[in-house]
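Colleague: Sequence and predicted structure are below.
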Amino acid sequence: MSGPVKAFLEPEVGERITCLFNPAELRIAKANSWSAPAVPRRNAPNLEFQHGDSGTLSMSLTLDTTDTGQAVTKHTDQLLGLMKVNADLGDNSDPKVKAGRPPWVRFHWGELYSFKAAITSLNINFTYFSSDGKPLRAAVQLELKQYEDEGKWPLQNPTSGTPEVHRVHMVKAGETLDRIAAEHYGDPARWRLIAEANRVLDPLSLPPGTPLRIPEIEAVARA
């Protein structure tokens, strides 16, 4: 029997970052802006909708490497790297303009995934050290803010009819990408679609319990 499914952050560029421990809780916030024009001789005005504000997703993560003795900074540095400006990334209003910005990320946990989000705040608190001063444990507070209006809301189930992801397949022992493609598409030759959607570097090495996004054929054709 495989272990618990690990949550992870999928960045716009680069490798995904797996959580050492799944978050104990997720906090979601959403606000809408309404105006209340003054109306004479009324007890209360009729509210008028103005616009929706960006949603936020926040979580607390625990990073602990006391079992290996390696410095936990290997993992905190990955998160800090998501805050760095990438000169090759374009502006949200015009992707062709290489204005430079940090990458957006998407949070995944099993069959759930979030909207594209910008990391607006990252706080790291080192809480445990080895006798020689090596940090072995850190408490992380992560704040994510909706990057664009894409019709998704955390946490989204892949079966909800979104155009990007139709379903998630949990890898079983001994499975390969061509077998998974045959199961979902009826054609083992379509394994590259799954590999590209999940940034699989080695299609022959798939640990059991790995969640794989299975793209819709129609969505791939439209891309």
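Modeller: Cool, the structure landed.

Colleague: can we go C-alpha only for contacts and neighbour counts from here?
Modeller: Noted.

Colleague: in this protein, which spans are helices?
Modeller: 73-81, 177-185, 191-198, 217-222 (DSSP state H).

Colleague: looking at these, which is closest to residue 39?
Modeller: Within those, the stretch nearest residue 39 is helix 217-222; the backing value is 48.8 Å (C-alpha to C-alpha).

Colleague: Let's test this: mean pLDDT of the closest one, rounded?
Modeller: Throughout helix 217-222, pLDDT has a mean value of 49.

Colleague: for the residue lying closest to residue 27 once chain neighbours are set aside, what are its contacts?
Modeller: Leaving aside its sequence neighbours, residue 27 sits nearest to residue 58 (C-alpha to C-alpha, 6 or more residues apart in numbering; 5.1 Å). By C-alpha atoms under 8 Å, 6 or more residues apart in numbering, the residues touching residue 58 are 26-28, 141-144.

Colleague: which of those count as buried?
Modeller: The neighbour-count test (16 or more other C-alpha atoms under 10 Å) marks 28, 142-144 as buried among the contacts of residue 58.

Colleague: which one of these sits closest to residue 88?
Modeller: Minimum distance to residue 88 across the buried ones among the contacts of residue 58 is 21.5 Å, recorded for residue 144 (C-alpha to C-alpha).

Colleague: looking at it, the closest one is touching residue 60, isn't it?
Modeller: No - judged on C-alpha atoms under 8 Å, residue 144 makes no contact with residue 60 at a distance of 11.6 Å.

Colleague: Would you confirm that residue 62 contacts residue 142?
Modeller: No - look at residue 62 against residue 142 with C-alpha under 8 Å: they stay out of range, at 11.0 Å.

Colleague: Brilliant, that's me finished.
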